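My questions concern the predicted model and sequence given below.
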Amino acid sequence: MACSFHHSEHRFFSPALSSTRVSRDNDTGEITMSIDSTCDACSNESAPLCVRYCAYGARSVVK
Amino acid sequence: MGGTRLCGYGGKILRVNLSTGKISTQPTEKYARRFIGGRGINAWIMFDEMSPEVHPLDPENLLIYGAGALLGTMAPFACRVSIETKNAFNGGVGSANCGGHFGSELKFAGFDNVVIYGRAENLVYLWIHDDEAELRDASSLWGKTTWETERTLRSDLGDEGIRVSCIGPAGENLVRSACIMTDRAKAAGGSGVGQIMGSKRLKALAVRGSKPIEIAKPEEFMEAVDEARRRVERAPDTAAYRAAGYYGVESVSDGKPWEAGFRPVRNGQDDYWDPEKIRKVSGEAMARYRKRILACFGCPVGCMPWMEVEDGPYKIRGEGWWNNSSNSYCTRVDCVNPEAALKCHLLANQLGLDGDNAAVVIAWAFECYERGLLTKKDTDGLELTWGNHDAVLAMLEKLAYREGIGDLLAEGVKRASERLGKGSEAFALHIKGQDTLDGIRISKGWAFGIVTAPCAGRHLRGAVHSLHPEEFLSYEGVPRRVFLQEQFKAILDMTGICLYNHGILSWETRYEKTAAELLARITSSATDIDLSAEKFMRIGRQVHNLEKAFNTLHAGFTRRDDYPPQRYWNEPVKSGPYRGERLDHETWERMLDEYYELHGWDRQTSWQTRECLERLNLRQVADKLDRFGKLPS
Ligand code: SF4
C-alpha cells in the first residue's frame, strides 16, 4: 500500500501499482514477500515507505 | 445521483437480482455523504427498501455487503465488512461483521457495497472483478466446505489472489447458526446470515480488483495515519498482542478476563471456572499450537494465530482461535482438552457454522441431557455430558447437516426449547430471540449494551466493558456509556475499523471521543466529506436509530425485548470472587428509563418519538413508523 502511494506521487493506494507483493498460503499459513524491478528504493522519499510503514519490521534496507 | 466521484471509495454499489440474473450499479455517492459506508449505508438501504411483510427467508429479503469507507487505504485496522439482512432468528435487524482481506479487494474492484436480492434457481456464485460482475453456476461447489470452496474457486479462476466469502454445508442446509465465512477464517456470524445466503442459493462471492483508491487530501491523511500509528506503538498492549495474539495474552496469572465472567460455564449455570481448568486451555497452554500470528488487511497489530495440532485424533491446522472460542468450546461445555477444542473451532469454520451461536444451542442440549429432558435415544447414542469434547465435535457435524437432533438444534435455542418444552425454555439463552454467547451477570455495562443493541446478543455491539471491578460491577453511568459506545461502534462499522483496536487508538483516555476525533480526521481527509467527532457521533446515532426503527417495524420489539435472559436475573453466579452477582431487575428497569430518556424514546414502549427522529434529520423514518402505527401516542 505504502509502495503504491509512492508510485502514484502520493495520490492513490492500490496493490496493483506496488513493486512489492505479500501473499499468504491459506493451506500452510506461510507468508511470502517479493519485490520486483520497478522498485526504485523510494528515490524521492526520505526513507523507503515500505520500511517506514511495515508495523512488523519485516522490511529493512540492506546497504 | 451522479456528480464527481468521491475520493476514498470504490465508487459504485453493485445490485444483483438472483431471481432474474439482472446486475446493475449505482454511484456510492448517493448514500455516502449521509451514511459514510459499511453498516451505515447498509442500514439505510435495509430500512428504506424492505417491506415489513417480508419473511427472512423470502427471496425479497436483502443481503447486503458493505466495505467500510476506509478500506483499501492505509488507515490502520481498516478491514471490516458489514453484512446486513433481515435477521433469521427474529425478523429484526440482522447484522454481522468480519475482517480479513475481502472488503479491501472489493473496493479495489470498484465497489463499496453489494446489494443482493431474490433467489437463484440453482446454486450460483458471484464473480466480481474490476468494474464487472457476473453470476456463475456453482453446482460443483454444492456440499463443499468453506475451505474447499475457496481452494476450488481460486484454482478454477486461476488466481491465488482472489478473495472468497462463502457459505459451507451449514448455510446450504439452512441452519440458523450458519455464518458467512470470509478468507477461510473470518466468520461474519449471527443473525443467521449464512442461512439467508443459503436460502438465496448463493454459495460465494469471489472478488479480485486492481483499481486504485484515490485520497482526497493525501498530506492531511498521512498525518492523521501517522498519529494513529504513534498511538498504536505507544499503547501498552501492542507488543504483547503482536507476539501472542489477543487470546495469547489471556493467561492464568492474569485471571481477570476469566474472573470477569465473560465466559459462562456449563450453559451459564455459573460464570466462574476452576483455575485448574483454565490452566489447560489458557493463552499460555494454547501457545504450543501457535505457529505464527497473522493479520487482517492494514492491521498493524495482528491478533490471529495460525494453529497446528500435529498428530493424534484431533490433528488439524488452520487460522484462528479467539477469545470467544474458549467460551464456545471450553467453558460453556466444560471441556478442557485444548486439541479437541481447536478441532471444534476449525471444524466449525469449515462447516460454515458461527461458533458463537452453535455453541449456545449445543450447550443447551447438554443441560437438557443433564436434567433428563433429552436422553441417548434422542441423541443417536451420544452422551451429552459436560466435558465430553467428542460429543461437542459430533454435535457440530449433526448441526451443520441437520442430522438427528441436529435438525432441532438448527432452529436456534429459542425455537428448539419451545419445541422440546418441559421447562427447557428457562435455560435457553437468547436475547430478542437470538442465541447469545456472552456471560453478562458480572459486568453490568457489558450486559446492558449487549441486551439493548438492536442486533442483540452479539458481543461486537454496543457493549462497554473494562477489567476494573470497581467499574464493571457498578450500574453507575451505564446507560450513558452504552449510549456513547453504540454511536462510536457505528463509526467503526461505517469506516470498517476493527473494534478490537479502538481501545488502542484511544487508550490514553479510554473514552471514545479521542478515537472519534482521529477517525473523523482520517475519514474526511480520505474522502473530503466534512466530518468532526461530533458530526460523526451524530451519524452513528442516526444509524443506531435506523436499526431501532427497523426492529420496531419488522419485529414488533418493545421494552420487554430489552430484557436479559431470565437465568441472568434469577440465578446468581455460584462461585469465585463474584459469587452472588446477578442482574437486578429493578435497577435494570431504572437503567432502561434513563437510556430511553437519553435517546428521546418513549419509556413505556421503547419506541422512538417523532421529535427524536426529526432532531436526527430522520423525518422519513418517522413518517414510515407513523404509517404503520408505530409511533407512541
Ligand atoms: S486486531 Fe485482529 S481482527 Fe482486528 S484487524 Fe487486526 S488482525 Fe484483524
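Nice, I can see it.

Can you point out the buried residues in the lowest-mean-pLDDT helix or strand in chain A?
Sorting the helices and strands of chain A by mean pLDDT, DSSP states H and E puts helix A:49-53 at the bottom, at a mean of 85. Within helix A:49-53, the residues scored as buried using 16 or more other C-beta atoms under 10 Å in any protein chain shown are A:49-51, A:53. Using the backbone N, CA and C atoms, a C-beta is placed for each residue, glycine as well.

Equivalent analysis for stretch A:20-31, please.
A:20, A:24, A:26, A:29.

Please give the number of neighbouring residues around A:Thr32.
Residues within reach of A:Thr32, counting by other C-beta atoms under 10 Å in any protein chain shown, total 9.

swap in the one 4 residues further on?
Counted with other C-beta under 10 Å, residues neighbouring A:Asp36 total 9.

before we move on, the earlier item: from the buried residues of stretch A:20-31, which is closest to the ligand?
Ranked by distance to the ligand (C-beta to the nearest ligand atom), the buried residues of stretch A:20-31 are led by A:Arg24 at 12.4 Å.

Who are the contact partners of the closest residue to that closest one other than its chain neighbours?
Closest residue to A:Arg24 apart from its sequence neighbours, by C-beta to C-beta, 6 or more residues apart in numbering or on different chains: A:Ile31 at 5.1 Å. A:Ile31 makes contacts with A:22-25, B:292, B:294, as judged by C-beta atoms under 8 Å, 6 or more residues apart in numbering or on different chains.

can you name the farthest residue from the center of the chain?
Because you didn't say which chain, this covers chain A. Most distant from the centre of chain A: A:Asp27, at 23.8 Å, with distances by C-alpha atoms, centre = their mean.

oops, I was thinking of chain B
Most distant from the centre of chain B: B:Lys377, at 35.1 Å, with distances by C-alpha atoms, centre = their mean.

how about the CA coordinates for stretch B:369-376, as PDB?
Presented in PDB, the C-alpha positions along stretch B:369-376 are these (Å, rounded to 0.1, in the frame of the first residue of the first chain):
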ATOM      1  CA  TYR B 369     -29.400 -34.100  28.900                       C
ATOM      2  CA  GLU B 370     -28.100 -33.400  32.400                       C
ATOM      3  CA  ARG B 371     -31.700 -32.800  33.500                       C
ATOM      4  CA  GLY B 372     -33.000 -35.900  31.700                       C
ATOM      5  CA  LEU B 373     -35.000 -33.900  29.200                       C
ATOM      6  CA  LEU B 374     -33.000 -35.400  26.400                       C
ATOM      7  CA  THR B 375     -31.700 -39.000  26.500                       C
ATOM      8  CA  LYS B 376     -29.300 -41.100  24.500                       C
END
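
How about residues contacting it?
Counting by C-beta under 8 Å, 6+ apart, B:365, B:368, B:379, B:382-386, B:405, B:420, B:422-424 sit against stretch B:369-376.

7 Å - rerun?
With contact meaning C-beta atoms under 7 Å, 6 or more residues apart in numbering or on different chains, stretch B:369-376 is reached by B:365, B:368, B:383-384, B:420, B:422, B:424.

From those, list the ones also adjacent to the ligand.
Applying C-beta under 6 Å from any ligand atom to these, one finds that nothing falls near the ligand.

okay if I get these as JSON lines plus pLDDT?
Shown next, in JSON lines, are the contacts of stretch B:369-376 (pLDDT from 0 to 100):
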{"residue": "B:Ala365", "pLDDT": "98"}
{"residue": "B:Cys368", "pLDDT": "98"}
{"residue": "B:Glu383", "pLDDT": "98"}
{"residue": "B:Leu384", "pLDDT": "98"}
{"residue": "B:Leu420", "pLDDT": "98"}
{"residue": "B:Lys422", "pLDDT": "97"}
{"residue": "B:Ser424", "pLDDT": "98"}
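
Take these and lay them out in a markdown table including secondary structure.
Shown next, in a markdown table, are the contacts of stretch B:369-376 (DSSP: H, G, I helix; E, B strand; the rest coil):
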| residue | secondary structure |
| --- | --- |
| B:Ala365 | helix |
| B:Cys368 | helix |
| B:Glu383 | coil |
| B:Leu384 | coil |
| B:Leu420 | helix |
| B:Lys422 | coil |
| B:Ser424 | helix |
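
for the closest residue to the ligand within chain A, what are its contacts?
Across chain A, the shortest distance to the ligand (C-beta to the nearest ligand atom) belongs to A:Ala55, at 10.2 Å. Taking C-beta under 7 Å, 6+ apart, we find A:Ala55 in contact with B:Pro300.

Look at it and report its pLDDT.
With respect to pLDDT, A:Ala55 scores 78.

B:Gly298 versus that one, what's the distance?
Distance, A:Ala55 to B:Gly298, by C-beta to C-beta, to the nearest Å: 9 Å.

With B:Asp156 instead?
In this view, B:Asp156 and B:Gly298 are 28 Å apart by C-beta to C-beta.

do B:Ile162 as well
For B:Ile162, the distance to B:Gly298 - C-beta to C-beta - is 19 Å.
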